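[1] have a look; sequence and predicted model below, questions after that.
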Amino acid sequence: MAGHSKWANIKHRKARVDAVKGKIFTKISKELMAAARQGGGNADSNFRLRLALQKARSVNMPNDNIQRAIQKGTGDLEGVNFEEIVYEGYGPAGTAIMLDILTDNRNRTVGEIRHIFSRRNGSLGESNCVAWMFKRRGYLAVIIEGQDEDELMMMALDAGAIDFSAGDGAYEIYTNPEDFQAVKEKLESQRVVFSEAEISLVPENTVEVDSLESAKKALGLIEALEDHDDVQNVYSNLDVPPHILEKLENE
């Protein structure tokens, strides 16, 4: 699972740009609505809602927006009933892509997503065509600076983590999804601060792009998919080497 942080860094840089445009608020509102509709509006008893709230607060989403989305999900306010779908496909350089979708019109969305793939040197695949390449995991990242690796690793494993590695600028802690909250809370009680904390689809192996052009094409597809209003999350096994990533950032 090493290399996930490289993908996470790419994703979160994009998320910061989206936050400026307000797009991230729309996506989180939909997730809050779906979580509240599925499990109710009490975050104490609704783990999915608790995660969505953490995400909302991490990007300083206004509390009024949060409460309105939850009330739409519970039916206290009129809202849209979103269908949850997972799409899978292939990107440039042989990369695999998975999408979490929330849509109120499946036919419209699948046509638009297929068009994005085809326009960006990829292809939308059939169900389970790449799902076997990913595992759903709890993912926690701790910035390396100021941390003792051995001490943190022992704390994480004692808390119930299943894997620990030194990633790209962060220590990466992986858990089974059902253990994520317990591990997170136990480490937080020991004053561990996370730069990222989420349930994610983690690639079993990554595909490293070997040129700047390949990286541009692969990231171009990912960014186009992320820009679609119905796409909640994009997961990929793309690995951009540091020297190519540096060139991209300097362009």
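    Arrived safely. Numbers count the residues shown, from 1 in each chain.

[2] what sits against residue 126?
    residue 88 (Cβ atoms under 8 Å, 6 or more residues apart in numbering). Backbone N, C-alpha and C define where each C-beta goes, glycine included.

[3] torsion angles phi and psi at it?
    phi -80, psi 160 (degrees, to the nearest 10).

[4] separation between it and residue 224?
    When distance is defined by Cβ to Cβ, to the nearest Å, residue 126 is 21 Å away from residue 224.

[5] who does the lengthiest strand in the chain pair up with?
    Longest strand of the chain, by residue count under DSSP state E: strand 134-143. For strand 134-143, the paired strands and their directions (DSSP bridges) read strand 170-175 (antiparallel), strand 196-203 (antiparallel).

[6] let's have those strands in a markdown table, adding mean pLDDT, mean neighbour count and distance to residue 40.
    Output for these, formatted as a markdown table (pLDDT from 0 to 100; neighbours: other Cβ atoms under 10 Å; distance: least, Cβ to Cβ, whole Å):
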| stretch | mean pLDDT | mean neighbour count | distance to residue 40 |
| --- | --- | --- | --- |
| strand 170-175 | 92 | 23 | 24 |
| strand 196-203 | 89 | 21 | 19 |
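
[7] residue 27: which of those strands is closest?
    Closest approach to residue 27 among these is made by strand 196-203 (13.4 Å; Cβ to Cβ).

[8] tabulate the CA atom coordinates of the closest one in CSV.
    Below are the C-alpha coordinates for strand 196-203, written out as CSV (Å, rounded to 0.1, in the frame of the first residue of the first chain):
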residue,chain,number,x,y,z
GLU,A,196,-5.6,13.2,6.7
ALA,A,197,-8.1,10.8,8.1
GLU,A,198,-10.6,9.0,5.9
ILE,A,199,-12.1,5.7,4.7
SER,A,200,-10.5,5.2,1.3
LEU,A,201,-10.1,2.8,-1.5
VAL,A,202,-6.4,2.0,-1.4
PRO,A,203,-4.6,0.3,-4.4
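
[9] I'd like the average pLDDT over the longest strand of the chain.
    Over the span of strand 134-143, the pLDDT mean works out to 92.

[10] can you tell me what sits against that strand?
    The contact list for strand 134-143 (Cβ under 8 Å, 6+ apart) reads 1, 4-5, 8, 96, 98, 152, 156, 161-162, 167, 169-177, 179-180, 183-184, 187, 192-204, 235, 237.
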